[in-house]
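>>> Here is a sequence with its predicted model. Questions after.
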Amino acid sequence: MATLLSSTVFSVKGTSQIHDSRRSNIRATINIPKTPVALPKLPSKSFADNLENITSRAEQIIDRSYTRRTISPNLSNEKAIIEKMYAIMEAVADRVEMHNNIGAQRDNWNTLLLTSVNSITLTAATMTGISAAATAVSGSSAEALKLGATILYLAATGLLAVMNKIQPSQLAEEQRNASRLFKQLLREIETKLSLGNVTSSDVNEAMERVLALDKAYPLPLLGAMLEKFPKKVEPAVWWPRKVHQKRVVKKTMTSSTNGWSEKLEEEMREICGVIERKDLEDYLRLSKKALNLNKVLAISGPVLTGLAALGTAFSHHGTVPLVAGVVGGALASVVNSFEHGGQVGMVFEMYRSNAGFFRLVEETIESNLNERDFERRENGEVFETKVALQLGRSLSELRNLADNSRNSRSRRFNGVDHHDREIEEEFASKLF
């Protein structure tokens with residue numbers, strides 16, 4: 001028994017010695033730094049304070065999630081607006097290409113039809129003269145030549161009637177104007193998209209302008225073609241006509257409100273009056289002259305070829321029908337060359353479009369002046385710069401024009417006969 005106890009004690013002591021030796025070895029291998037490590041101190045708050053902090057953080061997270069839910073519809077709405085604007089921009093770019101192609105095609109119509117009609121007319125006149133010479137020399141009537149010349153004259157009359165009805169040179173000018181205006185709209189849309197902040201009103205305005213241009217410059221010939229010989233000459237209108245209602249706004253005019261001032265408003269009114277009295281009236285007068293000339297030429301051409309056809313058919317009855325057959329064809333070629341070679345229809349459309357440009361400037365100025373809420377107007381300084389550039393003037397020249405117009409009106413009102421005709425005859429635009 002004693003032997004057993006002694007062996008047990010010895011084993012326990014041995015084991016403890018082995019453990020102590022291992023601990024010393026571990027302490028030796030782990031080189032614990034002697035420098036104390038600074039540990040963060042935990043806030044000494046009660047459990048209630050910690051619970052309050054957790055509750056406030058949860059409320060913040062709930063508020064953020066609610067804000068995301070409320071903002072996400074606005075973001076999707078903005079995305080839809082931008083997509084609509086890009087769709088409009090693609091449609092406008094396609095219309096630019098369409099009007100360019102159709103304008104080039106109709107310009108080719110004018111050249112080819114004019115060449116064909118003149119060739120047919122001169123050939124018929126030559127055949128009529130040859131038939132008369134053959135009859136005088138040989139004494140036999142050249143019926144084949146007379147018949148051929150008569151058919152050619154009738155064909156020229158039909159072609160001229162169609163050509164004068166559609167006016168290919170005027171159609172080509174319409175497509176050129178449409179292409180230029182669609183390009184202008186395309187640049188404006190690109191500018192709005194690059195600046196950002198595109199709204200639904202911008203989308204609606206762009207749609208209205210596209211539809212107004214489609215109506216002002218139609219592509220088809222049958223049914224939708226513009227009247228080439230209207231009874232009343234009016235400026236071309238390619239923008240949506242809006243009725244601006246005056247709103248009562250409790251705001252007084254200060255020295256400067258959104259770039260506007262009383263002096264600038266008076267200046268714009270004077271510019272608007274000069275455009276109405278001088279530029280717009282002058283281009284409408286020129287449009288009427290071009291239209292009347294085109295009417296006379298459009299009637300004269302088919303009448304001359306028709307008379308030439310009758311003269312050729314009855315040339316064997318005397319000298320007068322023969323002269324009518326030859327001279328009528330020659331005069332018809334001259335008239336056709338002057339009408340379609342000189343593109344009188346294109347000149348009429350150009351004058352009408354210029355009158356429309358001045359009408360647009362006038363309506364833009366009036367719409368800004370009629371808007372009594374100055375924040376809804378275009379910035380006054382920017383608007384003044386735009387008007388000056390549209391009229392081909394500098395800002396100082398635009399202001400001098402307004403001053404001269406004001407002085408001229410006051411002199412006429414007071415009955416003073418002045419000799420400064422430069423002020424009286426000055427036009428608003430230096431561009432056209």
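Received it, and whenever you're ready, just let me know what you need.
>>> Check which helices and strands the helix or strand where Ser287 lies is in contact with.
Assessed by DSSP states H and E, Ser287 sits inside helix 281-313. Contact partners of helix 281-313 among helices and strands, from 3 or more CB pairs under 8 Å, 6 or more residues apart in numbering; DSSP states H and E: helix 47-138, helix 143-166, helix 319-336, helix 344-370. From N, CA and C alone the C-beta is placed, and that goes for glycine too.
>>> ok and that helix relative to helix 319-336, angle-wise?
For helix 281-313 against helix 319-336, the angle by axes from the mean of the first three to the mean of the last three CA atoms, to 10 degrees is 150 degrees.
>>> report the angle between the axes of helix 281-313 and helix 143-166?
Going by the same axes, to 10 degrees, helix 281-313 makes 160 degrees with helix 143-166.
>>> buried residues in helix 281-313?
282-284, 286-287, 290-291, 293-294, 297-298, 300-313 (16 or more other CB atoms under 10 Å).
>>> I'd say Val117 and Asn336 touch.
Yes - counting by CB atoms under 8 Å, Asn336 is a contact partner of Val117 at 5.7 Å.
>>> can you put the helices and strands packed on helix 281-313 in TSV and add mean neighbour count and distance to Ser200?
Shown next, in TSV, are the helices and strands packed on helix 281-313 (neighbours: other CB atoms under 10 Å; distance: least, CB to CB, whole Å):
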stretch	mean neighbour count	distance to Ser200
helix 47-138	15	6
helix 143-166	20	40
helix 319-336	20	53
helix 344-370	21	20
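>>> between those, which gets the lowest average pLDDT?
The weakest mean pLDDT among those belongs to helix 47-138, with a mean of 79.
>>> who touches both of Val117 and Asn336?
Jointly contacting Val117 and Asn336 under the rule CB atoms under 8 Å, 6 or more residues apart in numbering are Leu160.
>>> From one end of stretch 311-323 to the other, what's the distance?
7 Å (CA to CA, to the nearest Å).
>>> distance between it and the chain's centre?
Relative to the chain's own centre, stretch 311-323 is displaced by 56 Å; criterion: CA atoms, centre = their mean, to the nearest Å.
>>> show me the contacts for the closest residue to Ser394 other than its chain neighbours.
Using CB to CB, 6 or more residues apart in numbering and skipping residues adjacent in sequence, the residue nearest Ser394 is Ala388, 6.3 Å away. By CB under 8 Å, 6+ apart, Ala388 lies in contact with Ser394, Leu395, Glu397, Leu398.
>>> isn't the second one right up against Thr385?
If I follow you right, that is Leu395. Yes - counting by CB under 8 Å, Thr385 is a contact partner of Leu395 at 6.8 Å.
>>> Many thanks, we can stop here.
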